[in-house]
Structure formats: C-alpha cells, structure tokens
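1. Fold the stuff below for me.
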Amino acid sequence: QGPVCTNLGLKPGQRLTVKGKIAPNAKSFIMNLGKDSTLLGLHFNPRFDAHGDVNTIVCNSKKVEEWGAEHRETVFPFQKGGTAEITFGVNQNDVTVHLPGHQFTFPNRLNLPVFDYFDTQGDFTLQSISWE
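-> Residues are numbered from 1 along each chain as shown. From the prediction side, this is the model:
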C-alpha cells in the first residue's frame, strides 16, 4: 500500500495527475478514487499478469463490500520498470482516464458529487500527485 490521500475535494471539471514508477517485476498495480476506502467510484487496476489477465486494465466500482461489473480496456501503455503518468478527469457522470496515447471514460456509478479519497497499491511507487 502506498500513500493514502483524503479530503481531496475533487469536483467535476477538476483533474488529478499521478506520476510514478512501475516495478521491474510488476504483476499489477491499483489506484482507487472515491469517497473513502469503502466507497470507490473508480478502482483502476492495470494487470501485467494477474488474476488470469495479461496486459489488461481492469476498472470497477465498489460500494462497501459489493463490487460492480468489471470493465476491461485492452490498450495497455505500461511497461515493467517504466514510468507512468495517469490523469483522472472528474466529470458530472463519469471519470475520464487519460493514459499515454489513449483515453477512456468510466461511469460514476455511485453518483459521487466529490472524490475525496485516493490510494495506490501494488507494484507502483508514487512519485508525484497533483490536482487542478
């Protein structure tokens, strides 16, 4: 588990940019955005080789202990031992995930008016986090 941010106050129209290093032997890493650790509007999980997925980004939402339907992206711009820069743009009804050369949206299934919580887990070392 990496750093945990609370009271971010990210509202529609704002963006969170995360930069860091991916471990050379990475299997997967996770970034969670939500109200707190039990209400996750976006669970962002790039998997190099984990849970039967290879080079796939799996996204989901979580309400207390209940996960939603998994959403899979097959564009995979990450490399083991490389760096990553990911920007999460908060919109009224979804979150836009900006990756190098690719972007996609994930619906705000929990209808969170504000995203206060962010954490990282797994084979990723956070180097900087900024929001605007």
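2. residues in contact with Ala50?
-> With contacts defined as Cβ atoms under 8 Å, 6 or more residues apart in numbering, the neighbours of Ala50 are Lys27, Ser28. For every residue, glycine as well, the C-beta is placed using N, CA and C.
3. Beta-bridge partners for it, please?
-> With DSSP bridges as the criterion, Ala50 is bridged to Asp53.
4. how far away is it from Cys59?
-> The spacing between Ala50 and Cys59, counted by Cβ to Cβ, to the nearest Å, is 14 Å.
5. and Leu110, how many neighbours?
-> By other Cβ atoms under 10 Å, 16 other residues sit near Leu110.
6. er, Val58 actually
-> Per other Cβ under 10 Å, the neighbour tally for Val58 reads 18.
7. for this protein, which spans come out with low pLDDT?
-> Across the chain, nothing is flagged by pLDDT under 70.
8. my guess is Gly13 meets Val90, correct?
-> Yes. With contacts counted by Cβ atoms under 8 Å, Gly13 reaches Val90, the gap being 7.1 Å.
9. Of the two, give the one with the bigger neighbour count.
-> More neighbours surround Val90 than the other of Gly13 and Val90, with 24 against 10 (other Cβ under 10 Å).
10. Would you map the strands across the protein?
-> Along the chain, counting by DSSP state E, strands occupy 4-5, 15-22, 29-34, 39-50, 53-63, 66-67, 71-73, 83-90, 94-99, 102-107, 117-122, 124-131.
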